[in-house]
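K.L.:
Have a look; sequence and predicted model below, questions after that.
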Amino acid sequence: MRNPMRSVYAAKSIEVAGEIFKAIETTEAIYGRIDVLVNNAGYSVFGPAETFSEREITQLFQTNVLGLFYLTQAVLLGMRSRRSGTIVSVSSNGVKLVLLYAASMRLVSFSLEGFSEVLSKEISEFGISTLIVEPDAFRTNFLYAIKASEKGIPEAYRGTVVDQAFDRFKAAAGKQISNPVKAAERMFEVIVGEGQGGLLKGKILRLVLGEDAHDRITVKIEQQQSDMEAAREVTFSTDL
C-alpha cells in the first residue's frame, strides 16, 4: 500500500532545497563569494536497523545527507566559475568501526563519504578541493544529544552489542579525551595551508583527527587487507 506521507516528505525536501539555494544566493550577494563550505550539520538516532520508522529515516537523511547535497550544489557554481574553493564534509570514524555504531550514523557516514569521493573526482579539475574529516570522540555535546529510536531498543536486543553500545555512548558523554578546539585548529590549517597542518592542503582526501580514531581505522584497514589476501585466489578465479 502506498504511504501518503511519502509525497509530504518529498514536498518538504523540495521546499528545503529551495530555501538552501536562496540562503546561499543571499550570502554571496552580501559577501561577494564563498571560498569554503563546511558541512557539519547533523544528528543521530540510535537503535538496531529494524526499529526505525519511515519518518525517522526520512528526516535523518533530509538533514544529514540531502542538506549536505543541496548546500554543495548551491556553492559549486560560484566556486567553479572562480576555479577555486574547498568543500569540507565532517564524517565520523564510526563509518569504519568494527564495534557497532548507531545504525543511522553508519548509513549517513557511508553516504557522505561516498558522495564526497565521487565529488572530488568531478570538481578537482576546476581547482576545487574536497576534504573528508573523520574525527575522534571529541568532547562536544553530541553524545548528550543521541537518543534512541521511537520504538526504543526491543527486549530481544537487551544485553547484546546494541544495548552495550548505547550504554557506552551515554557513559562517555562529557568524558571524551579529544579537544574540539584543537580539531577546529587542525581543520583550519589544512584548509588554508597554514600552521601544523598547512602542508596537507590539497594533498589529502581524508583527514583523521584523534589518536583513537587513527588506531581504530588502522585496525579496519588491516582487517580489510587480510580479507583481500585470504580471498586472492577466489578473486582472480573469475577472470576470462
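P.N.:
Cool, the structure landed.

K.L.:
Please count neighbours and contacts with C-alpha atoms only from this point.
P.N.:
Fine.

K.L.:
element containing Thr218, please.
P.N.:
helix 211-230 (DSSP states H and E).

K.L.:
tell me which residues in that helix are buried?
P.N.:
Buried residues in helix 211-230, counted by 16 or more other Cα atoms under 10 Å: Asp212, Ala213, His214, Arg216, Ile217.

K.L.:
for stretch 37-56, same thing?
P.N.:
Buried, per 16+ other Cα under 10 Å, within stretch 37-56: Leu37, Val38, Asn39, Gly42, Tyr43, Ser44, Val45, Phe46, Gly47, Pro48, Thr51, Phe52.

K.L.:
do the same with stretch 193-202
P.N.:
Residues of stretch 193-202 classed as buried: Gly197, Gly198, Leu200, Lys201, Gly202 (neighbour count, 16+ other Cα under 10 Å).

K.L.:
Is the last one part of a helix or strand, or is it coil?
P.N.:
Under DSSP: H, G, I helix; E, B strand; the rest coil, Gly202 falls in the coil class.

K.L.:
which non-adjacent residue is nearest it?
P.N.:
Leaving aside its sequence neighbours, Gly202 sits nearest to Ser129 (Cα to Cα, 6 or more residues apart in numbering; 6.0 Å).

K.L.:
Which neighbouring elements make contact with the biggest strand by length in the chain?
P.N.:
Secondary structure of the chain per DSSP state E: the longest strand is strand 128-135. Where contact means 3 or more Cα pairs under 8 Å, 6 or more residues apart in numbering; DSSP states H and E, strand 128-135 is packed against strand 85-90, helix 103-123, strand 206-209.

K.L.:
Pull up the pairing partners for that strand, direction included.
P.N.:
With DSSP bridges as the test, strand 128-135 is paired with strand 85-90 (parallel), strand 206-209 (parallel).

K.L.:
Just name the most buried of the ones you listed.
P.N.:
Greatest average neighbour count among these goes to strand 85-90 (a mean of 22), per mean count of other Cα atoms under 10 Å.

K.L.:
if I look at the residue most central in space within the chain, how far off is Arg33?
P.N.:
In the chain, the C-alpha nearest the mean C-alpha coordinate belongs to Ser91, at 2.8 Å (Cα atoms, centre = their mean). Counting by Cα to Cα, to the nearest Å, the gap from Ser91 to Arg33 is 25 Å.

K.L.:
and what of Phe69?
P.N.:
Phe69 sits at a distance of 19 Å from Arg33 (criterion: Cα to Cα).

K.L.:
now swap in Arg158 and tell me
P.N.:
Distance, Arg158 to Arg33, using Cα to Cα: 52 Å.

K.L.:
What's the end-to-end length of stretch 40-59?
P.N.:
End-to-end for stretch 40-59, by Cα to Cα: 16 Å.

K.L.:
mean confidence for that stretch?
P.N.:
Across stretch 40-59, the average pLDDT comes to 80.

K.L.:
next one: stretch 175-186
P.N.:
The predicted model assigns stretch 175-186 a mean pLDDT of 86.

K.L.:
ok, and what's touching it?
P.N.:
The contact list for stretch 175-186 (Cα atoms under 8 Å, 6 or more residues apart in numbering) reads Pro135, Asp136, Ala137, Phe138, Arg139, Thr140, Gln196, Gly197, Leu209, Gly210.
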